[in-house]
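> let me see the structure of the following:
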Amino acid sequence: MFLPQPEGLVCGVDEAGRGPLAGPVVAAAVVLDASRPPIVGIDDSKKLSAQQRTLLAEEIRRRALAWAVGQASAAEIDQVNILQATLLAMQRAVSALADQYRLHPVRVLIDGNRCPVLAYPVEAVIGGDRKLACIAAASILAKTVRDRQMCELHAAFPIYGFARHKGYPTAQHLAALRAHGPSPEHRRSFAPVARLSAR
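Sure thing, here's the model as predicted:
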């Protein structure tokens, strides 16, 4: 059960992809339409199946007042570290939302305990994807966008199995890294990749 939707143009933000060894970190920003009935089934993306997320992502895009996605690449993650890259992806998502819709939120609610620097009032909400529908909706968009990108990377680099594990350090992924070394999309600042890159 979510908390009541805050009044005004409130933007929820969440990310996907902090833990993987490869690919971008992706953030989404969502402003739900308080004048319409709630979107049934929205939840923390980690609690949903891939099919549920895909269907809900379509519904969110169709019914949200505004939404946008931003990301930071594996190269940017290596350059500034994963925390700063995550905050950068969030900044890009909120900026894209404002630019695309000419919409300026009265408040931005971020899942977690760290906030990016934004042109709007911003607040961190620990466990926000379980508490607020706007953040849960952002978690679904971020996850589905990133998963799709990892499937596209699988087509370019099939030896790593990105379509299956989405870049997370599974046994299969680590075995492929040992056998073939890192791809251009691997995060060389992450310890398992750095060890193999140094060999």
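> go through the longest helix along the chain and flag the buried ones.
Determined from DSSP state H, the single longest helix within the chain is helix 133-156. Residues 133-147, 149-150, 153-154 are the ones in helix 133-156 that count as buried (16 or more other CB atoms under 10 Å). All C-beta atoms are positioned from the backbone trio N, CA, C, and that covers glycine.
> ditto for stretch 54-61
Buried residues in stretch 54-61, counted by 16+ other CB under 10 Å: T54, L56, A57, E59, I60.
> I'd say the last one and V69 touch.
To tie it back to what came earlier, the one meant is I60. No. Judged on CB atoms under 8 Å, I60 makes no contact with V69 at a distance of 11.3 Å.
> surely R36 and R63 touch.
Yes. Using CB under 8 Å, R36 makes contact with R63 at a distance of 6.1 Å.
> poorly predicted segments of the protein, please.
For the chain, applying pLDDT under 70 flags the ranges 197-199.
> list just the nearest of the buried residues of stretch 54-61 to A179.
T54 (31.7 Å; CB to CB).
> what's the spacing between the closest one and K46?
Relative to K46, T54 is positioned 15 Å away (CB to CB, to the nearest Å).
> equivalent analysis for T86, please.
Here T86 is placed at a distance of 16 Å from K46 (CB to CB).
> kindly report the same for D111.
Between D111 and K46 the computed distance is 11 Å (CB to CB).
> same check, this time on N113
17 Å.
> mind checking the SS state of L56?
Under DSSP: H, G, I helix; E, B strand; the rest coil, the three-state class of L56 is helix.
> what sits against it?
L56 makes contacts with I39, G41, I42, L48, A137, I140, as judged by CB atoms under 8 Å, 6 or more residues apart in numbering.
> and if you look at Y120?
The neighbours of Y120, taking CB under 8 Å, 6+ apart as the test, are C11, V94, H104, P105, V106, R107, V108.
> could you redo the last one with a cut-off of 7 Å?
Neighbour list for Y120: H104, P105, R107, V108 [criterion: CB atoms under 7 Å, 6 or more residues apart in numbering].
> nearest to A22, of those residues?
Ranked by distance to A22 (CB to CB), the contacts of Y120 are led by V108 at 28.6 Å.
> quick check: beta-bridge partners of the closest one?
Going by DSSP bridges, V108 is paired in beta bridges with C11, V122.
> tell me where the protein has helices.
50-63, 74-80, 82-101, 128-131, 133-156, 162-165, 171-180, 191-197.
> now distance to P121 too, for these, in CSV please.
Listed next are the helices of the chain as CSV, based on distance: least, CB to CB, whole Å:
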stretch, distance to P121
helix 50-63, 23
helix 74-80, 25
helix 82-101, 12
helix 128-131, 15
helix 133-156, 15
helix 162-165, 38
helix 171-180, 40
helix 191-197, 37
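> out of the ones you listed, the one nearest P4 is which?
Closest approach to P4 among the helices of the chain (CB to CB): helix 133-156, 9.5 Å.
> how far off centre is the longest helix of the chain?
Its chain's C-alpha centre and that of helix 133-156 lie 6 Å apart, by CA atoms, centre = their mean, to the nearest Å.
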